[in-house]
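**Q** build the 3D model from these lines:
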Amino acid sequence: MQASNPNSISFLDAEHPPARSPLRVLFVVEGYTDIRFVTGISEICDLTMVVPARQYHESGLDQRILNSGAKIRVDELAGGRLQYQAACFNYLRRNARKFDVILSQELLRGSLDACLIGWLYKKPVVIYITLPHLEYFRCRRLRGQQSWIQAKLGETVMRTLIWTTSKLATRCVAIGPYLVDVASRHSNRVSTGYYYGVDTRLYRPASEAEKLRLRATLDLPAGKFLILSGSRISHEKDPETVLRAVSLARAQGLDAVVLNLGGGYQDFLRLARELSLSDAEQWVLGRPAVHPMQGLADYYRASDALAQGSLDEGAGMTPLEALACAVPAVCTAVGGMARIAPDYVRLTPRRDADAMANEFLWIASHRGEALAQAKRGREFIEREWNRERAFSSLRDVLTAAARGDREIGN
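**A** Below you'll find the predicted structure:
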């Protein structure tokens, strides 16, 4: 499959005109990946992706790439985990020589294939790390989803994969300081990455009048304190605390509603019922996922606050997007969220619903101060986490790896 639009020009093109022979990059995707990351990579190189067919179509990434107009070749491989693993190895064995550099996401099975082929055929491999694998895996045990034996066996396998891929990779790129520290336990060749960054032209503040218009357009309640939930139903997230916190804030007089957007929004609504929260059907809202490069920014801009509850967090791109819209963000003080923007978000202890509720109440009663803090956060995003920096820094790493440079700047 190839989605292309030869007449499209991105803002990256204007700053960095394409070379006569663009870098040929093969992006190995083990499971899911983000359309913002994919389209950004396609702007800095000649991009081919190899993907697991089921996840590619299940996630809707196939249609998003097609609709984006991005020039990308996509090769799909069928089968479950083990079958895909074998098929991916064979694909890489046949095609690795066609590329200047192999880019692989995460440090697990897919990157093992990429690293082994890279070692055999002397091809540079750059691994992009978007989450702390062991820390997320341990959240399953914390939630009681695994036995002690399952946890130990799983962690042993993961440690082996992480150690092997880290040692074989030409370079690792990790999002933000927390993941850089995690990756540096196994490799001394780690660069800081910014994933897809934040498009601050799209994610921008809304005036009060714009906010009212957006709520009308999106059919959102106009007179409520609207909290956008960044928590999905996953073992490392903590939507339970977000829901309990909103319920506590309501009990103290805040007329709040919470909205969850995503493929698992029905699970979010079901969780609210299971928690037996008072009148939850009146104030817990859920809607399907919104395209992050089209309609999602308007939901941020229409909100009064963003809530991100987590047991662990690699980076926390959702709070950064909220800050870009000058929307106050309340986040659990774990992982990347505690390291990237501690001066600009409202941090609360893990699983502390009372503390999170107090932050909602503070934002509602100190709107000027909360907005000022969020606006300072937007300035930080514009300076440090903008989209241009995210992909220009990745281009530098890929180019240096393809040249065979031993040292690559951070």
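**Q** in the longest helix along the chain, what counts as buried?
**A** Secondary structure of the chain read by DSSP state H shows that its longest helix is helix 148-168. By 16 or more other CB atoms under 10 Å, the buried positions in helix 148-168 come out as 151, 154-155, 158, 161-162, 164-166, 168. Heads up, the C-betas are built off the backbone N, CA and C, glycines and all.
**Q** what's the answer for stretch 114-131, then?
**A** Result for stretch 114-131 [16+ other CB under 10 Å]: buried residues 114-118, 123-131.
**Q** and the residue most central in space within the chain, how far is that from Thr348?
**A** The chain has Met317 as the residue nearest its centroid, 5.5 Å off, counting by CA atoms, centre = their mean. With distances taken as CB to CB, to the nearest Å, Met317 is found 19 Å from Thr348.
**Q** rewinding a little: between the buried residues of helix 148-168, which is nearest Phe27?
**A** For those, the minimum distance to Phe27 (CB to CB) is 15.7 Å, reached by Thr165.
**Q** ok so, going back, what is the subsequent helix or strand relative to the longest helix of the chain?
**A** strand 171-175 (DSSP states H and E).
**Q** hmm, back to that, among the buried residues of stretch 114-131, which lie within helices?
**A** Short answer: the buried residues of stretch 114-131 in helices (DSSP H) are 114-118.
**Q** out of these, which is nearest to Arg250?
**A** Closest approach between these and Arg250, by CB to CB: Ala114, at 49.1 Å.
**Q** how about the closest one: what's its closest non-neighbour residue?
**A** Using CB to CB, 6 or more residues apart in numbering and skipping the chain neighbours, the partner closest in space to Ala114 is Ser104 (4.1 Å).
**Q** Cys115 too?
**A** Cys115 sits nearest to Leu168 (CB to CB, 6+ apart), 3.7 Å away.
**Q** where in the stretch 1-150 of the chain is pLDDT low?
**A** Residue ranges of the stretch 1-150 of the chain with pLDDT under 70: 1-20.
**Q** can you show me the CA trace of the host helix or strand of His57 as CSV?
**A** Following DSSP H and E, one finds His57 within helix 53-58. Listed next in CSV are the C-alpha coordinates belonging to helix 53-58 (Å, rounded to 0.1, in the frame of the first residue of the first chain):
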residue,chain,number,x,y,z
ALA,A,53,-1.8,-6.4,9.5
ARG,A,54,-4.4,-7.0,12.2
GLN,A,55,-3.3,-4.1,14.4
TYR,A,56,-2.8,-1.9,11.4
HIS,A,57,-6.4,-2.1,10.3
GLU,A,58,-7.9,-2.6,13.8
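**Q** identify each buried residue in that helix, please.
**A** Neighbour count says helix 53-58 has 53, 55-56 buried, by 16+ other CB under 10 Å.
**Q** before we move on, the earlier item: what's the longest helix of the chain packed up against?
**A** Here helix 148-168 touches helix 109-121, strand 125-129, helix 133-142, going by 3 or more CB pairs under 8 Å, 6 or more residues apart in numbering; DSSP states H and E.
**Q** let me know which of the ones you listed is the nearest to Gly309.
**A** The closest of the helices and strands packed on helix 148-168 to Gly309 is helix 133-142. By CB to CB, the value is 12.3 Å.
**Q** returning to what we had before: would you check that the residue nearest to the centre of the chain makes contact with Tyr195?
**A** Yes - with contact defined as CB atoms under 8 Å, Met317 counts as touching Tyr195 (6.2 Å).
**Q** can you pull out the strands in the stretch 201-350 of the chain?
**A** Counting by DSSP state E, counting those that start in this stretch, the stretch 201-350 of the chain has strands at residues 225-229, 256-261, 284-287, 305-308, 329-332, 346-348.
**Q** phi first, then psi, for Leu47.
**A** Note on Leu47: its backbone torsions stand at phi -110, psi 130 [degrees, to the nearest 10].
**Q** numbering from 584 from now on, please.
**A** Taking 584 as the first residue, the last one we looked at is Leu630.
**Q** so what's the residue count around it?
**A** 24 (other CB atoms under 10 Å).
**Q** how about Asp658, what does it touch?
**A** 631-634, 674 (CB atoms under 8 Å, 6 or more residues apart in numbering).
**Q** which of these sits closest to Leu894?
**A** Closest to Leu894 out of the contacts of Asp658 is Val634 (28.6 Å), distances taken as CB to CB.
**Q** that closest one belongs to a helix?
**A** No - with DSSP: H, G, I helix; E, B strand; the rest coil as the criterion, Val634 is located in strand rather than a helix.
**Q** how much space between the spatially closest residue to it that is not a sequence neighbour and Leu703?
**A** Nearest residue to Val634, sequence neighbours excluded (CB to CB, 6+ apart): Val612, at 4.6 Å. According to CB to CB, Val612 and Leu703 sit 21 Å apart.
**Q** kindly report the same for Leu944.
**A** For Leu944, the distance to Leu703 - CB to CB - is 59 Å.
**Q** over to Tyr786?
**A** In terms of CB to CB, Tyr786 sits 43 Å off from Leu703.
**Q** cool, and Val709?
**A** With CB to CB as the criterion, Val709 and Leu703 are 17 Å apart.
**Q** same thing with Pro715?
**A** Remark: distance between Pro715 and Leu703 (CB to CB) = 29 Å.
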